[in-house]
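Engineer: Sequence and predicted structure, then a few things I'm wondering about:
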Amino acid sequence: MEWIETNQSRVRTANTRAGLQQDILLKNGVRATDLGEAAAIEVTDRFLADNPDNRVALIYEDAGVRKRERDPRVDIFSTASFLHAMEGGGYIQSADQILEQASQAGRNVAEQRAMHTPEPGASLLAQFRSARTGSTGLLDTTPNSLHKSPDDPSPTQGQTRGRSR
């Protein structure tokens, strides 16, 4: 939260073609699939085109993100792996507690727990530390973050995010 407050001018909503398509489909009662991943890739590609010397840590919930082709400067981590790295780095008290709260709020975290790798590597913590000082973009593309209200208290609120609308 401290990083967000310090860097408010760097946190922004990103509109995407995939997000527009998703909004149209949802308004017409059609279930949209894979558009969250498409929006994430669209936002990261745009960010990297404007910032060619940076890297991006993309935090995801849907395993489909892993299958998509992406720029080699985009490192991907499941939400669970990100939370466990945050816990390991002393930034949060308990990743499992956050995942349990998400589960109690009706979110399906079973897939997240299954995708968690015990050691996401030093690169994730290094990127997070770097982001706190301003040199890396962090994007949250979890489906629940794409269309939530600003006062939604879910665990992903407050993260820098590439929104799809």
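Structural biologist: That came through fine. Just so we're clear, the structure is a prediction, and the values are computed from it rather than from any experiment. Numbering: from 1, shown residues only.
Engineer: what pairs with residue 59 across the strands?
Structural biologist: In this entry, residue 59 is beta-bridged to residue 77, residue 140, by DSSP bridges.
Engineer: mind giving me the domain ranges of this protein?
Structural biologist: According to the TED database, the chain is divided into the following domains: 1-54, 55-133.
Engineer: Validate this expectation: residue 32 resides in a helix.
Structural biologist: No - according to DSSP: H, G, I helix; E, B strand; the rest coil, residue 32 belongs to no helix; its state is coil.
Engineer: Report the buried residues of stretch 95-104.
Structural biologist: Residues 95, 98, 99, 102 are the ones in stretch 95-104 that count as buried (16 or more other C-beta atoms under 10 Å). C-betas here are computed from N, CA, C, even on glycine.
Engineer: Also stretch 22-39?
Structural biologist: For stretch 22-39, a neighbour-count test (16+ other C-beta under 10 Å) marks 22, 23, 32, 35, 36, 37, 38, 39 as buried.
Engineer: picking that back up, could you export the buried residues of stretch 95-104 to TSV, including columns for secondary structure, distance to residue 45 and pLDDT?
Structural biologist: Output for the buried residues of stretch 95-104, formatted as TSV (DSSP: H, G, I helix; E, B strand; the rest coil; distance: C-beta to C-beta, whole Å; pLDDT from 0 to 100):
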residue	secondary structure	distance to residue 45	pLDDT
95	helix	29	89
98	helix	29	90
99	helix	30	89
102	helix	28	86
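Engineer: In CSV, could you pull the C-alpha coordinates for the longest helix along the chain?
Structural biologist: Assignment by DSSP state H gives helix 35-50 as the longest helix of the chain. Listed next in CSV are the C-alpha coordinates belonging to helix 35-50 (Å, rounded to 0.1, in the frame of the first residue of the first chain):
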residue,chain,number,x,y,z
LEU,A,35,-9.9,-12.2,-23.3
GLY,A,36,-8.3,-11.4,-19.9
GLU,A,37,-5.1,-13.0,-21.1
ALA,A,38,-5.4,-11.1,-24.4
ALA,A,39,-5.8,-7.9,-22.5
ALA,A,40,-2.8,-8.6,-20.3
ILE,A,41,-0.6,-9.3,-23.3
GLU,A,42,-1.9,-6.2,-25.1
VAL,A,43,-1.1,-4.0,-22.0
THR,A,44,2.3,-5.5,-21.4
ASP,A,45,3.2,-5.2,-25.1
ARG,A,46,2.2,-1.5,-25.1
PHE,A,47,4.1,-0.9,-21.8
LEU,A,48,7.2,-2.5,-23.2
ALA,A,49,7.0,-0.6,-26.5
ASP,A,50,7.0,2.6,-24.5
